[in-house]
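>>> Compute the structure for the input listed below.
(2 chains)
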Amino acid sequence: DVKVTQSSRYLVKRTGEKVFLECVQDMDHENMFWYRQDPGLGLRLIYFSYDVKMKEKGDIPEGYSVSREKKERFSLILESASTNQTSMYLCASSFPDRYQPQHFGDGTRLSIL
Amino acid sequence: AQSVTQPDIHITVSEGASLELRCNYSYGATPYLFWYVQSPGQGLQLLLKYFSGDTLVQGIKGFEAEFKRSQSSFNLRKPSVHWSDAAEYFCAVGAAQAGTALIFGKGTTLSVSS
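Numbering: from 1, shown residues only, chains lettered A, B, ... in the order given. Predicted coordinates:
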């Protein structure tokens, strides 16, 4: 079974802090994704990566950056956390073909105070 | 542009009753379609997928979905709902370019009444 592991289920940080969300997958997937999920808005893509050190902006990249130094790990960085970044963050991974499904982690519920 | 619409934000079904969740997509070519389920506080789990062949697709947990090209629809069905099916359900379409992200609908929340 594919395993996508997000480092924290719940996280509380303060405004202005630099926040790191980590995601690791064990299936040698080329693609990795970070989504943000808010009530009524569904899943919105923040960034994705199709290879090590490669990244593409999604629909809402502002205020975020990412890092992919190794194939299995994809980090989301909030450079200076703000209260409007309080949300559920979901990481996913997949093989690159269009018909391949994405496999999701359990999510990190992040609260910025 | 590609898009996915789930017309129903919230549906309530009695336990044991049948279920149909609607999904409409906008896509120029043959789509790759997926249904995911999300239980409270959890990530998304793949229920089923369609990319070619038989238009009626069987998935896990007793779910099935039917691809209808003429209606641009991929509705999810279950003949008899259980209380444990209460969750949020997402329909998604594979993007036009390989190696890019899925496009998700905004989700339908299913409540099950006893």
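
>>> buried stuff in the helix or strand harbouring A:Arg36?
Following DSSP states H and E, one finds A:Arg36 within strand A:31-38. The neighbour-count check on strand A:31-38 (16 or more other Cβ atoms under 10 Å in any protein chain shown) flags A:Asn31, A:Met32, A:Phe33, A:Trp34, A:Tyr35, A:Arg36, A:Gln37 as buried. Glycine gets a C-beta too; all of them are placed from N, C-alpha and C.

>>> Using TSV, lay out those together with distance to chain B.
Shown next, in TSV, are the buried residues of strand A:31-38 (distance: Cβ to the nearest Cβ, whole Å):
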residue	distance to chain B
A:Asn31	6
A:Met32	10
A:Phe33	6
A:Trp34	10
A:Tyr35	8
A:Arg36	12
A:Gln37	8
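
>>> who does the residue nearest the centre of chain A bridge with?
Central residue of chain A (Cα atoms, centre = their mean): A:Trp34, 2.7 Å from the mean position. Applying DSSP bridges to A:Trp34 gives these bridge partners: A:Tyr47, A:Cys91.

>>> gap between it and A:Ile60?
In this view, A:Trp34 and A:Ile60 are 10 Å apart by Cβ to Cβ, to the nearest Å.

>>> Spell out which residues are contacts of both of those two.
Contact criterion Cβ atoms under 8 Å, 6 or more residues apart in numbering or on different chains; residues shared by A:Trp34 and A:Ile60: A:Leu45, A:Ile46.

>>> From what I see, B:Gln2 and B:Leu102 are in contact.
No. Using Cβ atoms under 8 Å, B:Gln2 is not in contact with B:Leu102, being 9.8 Å away.

>>> more crowded one of these two?
Neighbours were counted for B:Gln2 and for B:Leu102 using other Cβ atoms under 10 Å in any protein chain shown; B:Leu102 has more, 26 against 15.

>>> so what's that one closest to, chain neighbours aside?
B:Ala92 (4.2 Å; Cβ to Cβ, 6 or more residues apart in numbering or on different chains).

>>> Just confirm the one you found is within a strand.
Yes. Per DSSP: H, G, I helix; E, B strand; the rest coil, B:Ala92 lies within a strand segment.

>>> isn't B:Gln38 right next to B:Phe90, touching?
Yes. At 6.8 Å, B:Gln38 and B:Phe90 qualify as touching, with contact defined as Cβ under 8 Å.

>>> Show me which of the buried residues of strand A:31-38 is closest to B:Gly53.
Using Cβ to Cβ, A:Asn31 is the member of the buried residues of strand A:31-38 that lies nearest B:Gly53, at 24.1 Å.

>>> Let me see the contact set for the residue nearest to that closest one when sequence neighbours are not counted.
For A:Asn31, ignoring the flanking residues on the chain, the nearest one in space by Cβ to Cβ, 6+ apart is A:Ser94 at 4.7 Å. Applying Cβ under 8 Å, 6+ apart to A:Ser94 gives the contacts A:His29, A:Glu30, A:Asn31, A:Phe33, A:Gln100, A:Pro101, A:Gln102, A:His103.

>>> Pick out the most distant pair among those residues.
Taking Cβ to Cβ, the two most distant members of the contacts of A:Ser94 are A:Glu30 and A:Pro101; they sit 14.0 Å apart.

>>> Looking at the two, which has the bigger crowd around it?
Between A:Glu30 and A:Pro101, A:Pro101 has the larger neighbour count (other Cβ under 10 Å), namely 22 against 17.

>>> From A:Ala92, how far out is that one?
Using Cβ to Cβ, A:Pro101 is found at 9 Å from A:Ala92.
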